[in-house]
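> Dropping the sequence and predicted coords here.
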Amino acid sequence: MIKQAFFQGKNKKRRYFEGWYFKCISADRKHAIAIIPGMAIDPQGKKQAFIQVINAVNGKTWYHHFPYSEFNAKLDQFYVEIENNSFNAGGLSVNIDTAEGLIKGQLIFDHCQPFPTGRKNPGIMGPFGLLPLMECYHAIIHLYHEIKGDIVLDGEILDFNGGVGYIEKDYGRSFPKTYLWLQASHFENRNAAFVFSRANIPFLGRAFLGFFAYFTDFQGVTVRFATYNHSRLVTWEVDKEKGICYGELKGPAGKLAFRAQMNGGGKLRAPVDGLMNREIVESITAEVWLRLTNPQGEVLFESLSHEAGMEICLD
């Protein structure tokens, strides 16, 4: 397990957030939810803990607020606890019944595929993830895992037995002002995982456009395209109003083309200087088409996913 998954905010006093993102898709694809536990510290040093939930089927979202005294996260392993709720690499347990809504249940994760890390590849951000004073750090924890269990959400029992999931996290001061994020791991042809992000990244008083893309089919085909490995984003088109984007990347591994379409979505809170008062719209039932070719032009993978995560934030 990569150390980025562990809690990073022990000594933070103000302007800080940290959140873990658990995406869960049922075997029959009828249920899709995301659960996001986290903590935040505003510019005045006031701390809070939270658990956000989004139901992709109807776009309904919940923001459950907790006193920071109920937050406990370990520094030497991936373990987060907020009141009677716990989250780790092996699963999650939720037990919330408040005026905002009800969510209860336990999910167990099996056959986990962690994001591969090492000295040459410290994380999805590459060497940028090692730089101090970045506005936001991003980490992928599980590219894919299988799920056992069910969740009661808003009075409905959601059966996730045989389903699949994904875990990532963000931490720092604020989400990027402008960015696009895609994540898909439920392709029609075979199991595979794809993650892409492009953002305007402020650093030391300046800003630069950075991107990364990672794809694996868990069967020997694994590629990475990123600002830090001599890859280029040669084609880029976004229509925020229609929720559409298209991209084509070239790099040492070949060429990767993708097209994504938002489908539904719900409003989540995002951090600005540790204040959880920015609203973003996220879909976890977006459609993503993907084609990967090697440097010789041979198609290595081409397929469609209907249960992808997608956010477009351009203002």
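Yep, it's here. Residues are numbered from 1 along each chain as shown.

> Could you pull up the contacting residues of the residue nearest to the spatial centre of the chain?
The structure's the chain has its C-alpha centroid closest to Glu168; by CA atoms, centre = their mean the separation is 4.5 Å. By CB atoms under 8 Å, 6 or more residues apart in numbering, the residues touching Glu168 are Trp20, Tyr21, His138, Ala139, Ile140, Ile141, Gln183, Val195. Every C-beta, even on glycine, is put in place using the N, C-alpha and C of the backbone.

> before we move on, what SS does it have?
What DSSP: H, G, I helix; E, B strand; the rest coil gives for Glu168 is strand.

> same deal with the one 3 residues further on?
At Tyr171, secondary structure determined by three-state DSSP is strand.

> Test my guess that it contacts Glu18.
Yes - counting by CB atoms under 8 Å, Glu18 is a contact partner of Tyr171 at 4.0 Å.

> Check the contact lists of those two and give me the overlap.
Shared contacts of Tyr171 and Glu18 (CB under 8 Å, 6+ apart): Gln8, Gly9.

> how close does the residue nearest to the centre of the chain sit to Asn88?
Here Glu168 is placed at a distance of 14 Å from Asn88 (CB to CB, to the nearest Å).

> How about Ile151?
16 Å.

> Kindly report the same for Met134.
Counting by CB to CB - Met134 and Asn88 are separated by 26 Å.

> which residues of the stretch 101-250 of the chain fall in strands?
Ranges of strands in the stretch 101-250 of the chain, per DSSP state E, counting those that start in this stretch, are 101-114, 136-153, 156-159, 163-172, 179-184, 193-203, 206-216, 222-226, 232-239, 244-251.

> Using JSON lines, please lay out these together with distance to Ala286 and mean pLDDT.
Formatted as JSON lines, these follow (distance: least, CB to CB, whole Å; pLDDT from 0 to 100):
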{"stretch": "strand 101-114", "distance to Ala286": "21", "mean pLDDT": "96"}
{"stretch": "strand 136-153", "distance to Ala286": "17", "mean pLDDT": "96"}
{"stretch": "strand 156-159", "distance to Ala286": "20", "mean pLDDT": "96"}
{"stretch": "strand 163-172", "distance to Ala286": "14", "mean pLDDT": "97"}
{"stretch": "strand 179-184", "distance to Ala286": "7", "mean pLDDT": "96"}
{"stretch": "strand 193-203", "distance to Ala286": "12", "mean pLDDT": "90"}
{"stretch": "strand 206-216", "distance to Ala286": "16", "mean pLDDT": "89"}
{"stretch": "strand 222-226", "distance to Ala286": "20", "mean pLDDT": "95"}
{"stretch": "strand 232-239", "distance to Ala286": "14", "mean pLDDT": "95"}
{"stretch": "strand 244-251", "distance to Ala286": "10", "mean pLDDT": "97"}
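
> Tabulate those (TSV), appending distance to Ile33.
Listed next are the strands of the stretch 101-250 of the chain as TSV, based on distance: least, CB to CB, whole Å:
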stretch	distance to Ile33
strand 101-114	9
strand 136-153	7
strand 156-159	7
strand 163-172	10
strand 179-184	14
strand 193-203	19
strand 206-216	23
strand 222-226	28
strand 232-239	26
strand 244-251	24
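
> between these, which one is nearest to Leu290?
Of all the strands of the stretch 101-250 of the chain, it is strand 193-203 that lies closest to Leu290, at 5.7 Å by CB to CB.

> In space, what's closest to Thr178 - neighbours in sequence excluded?
Once flanking residues are discounted, Thr178 sits nearest to Asn200: 4.6 Å by CB to CB, 6 or more residues apart in numbering.
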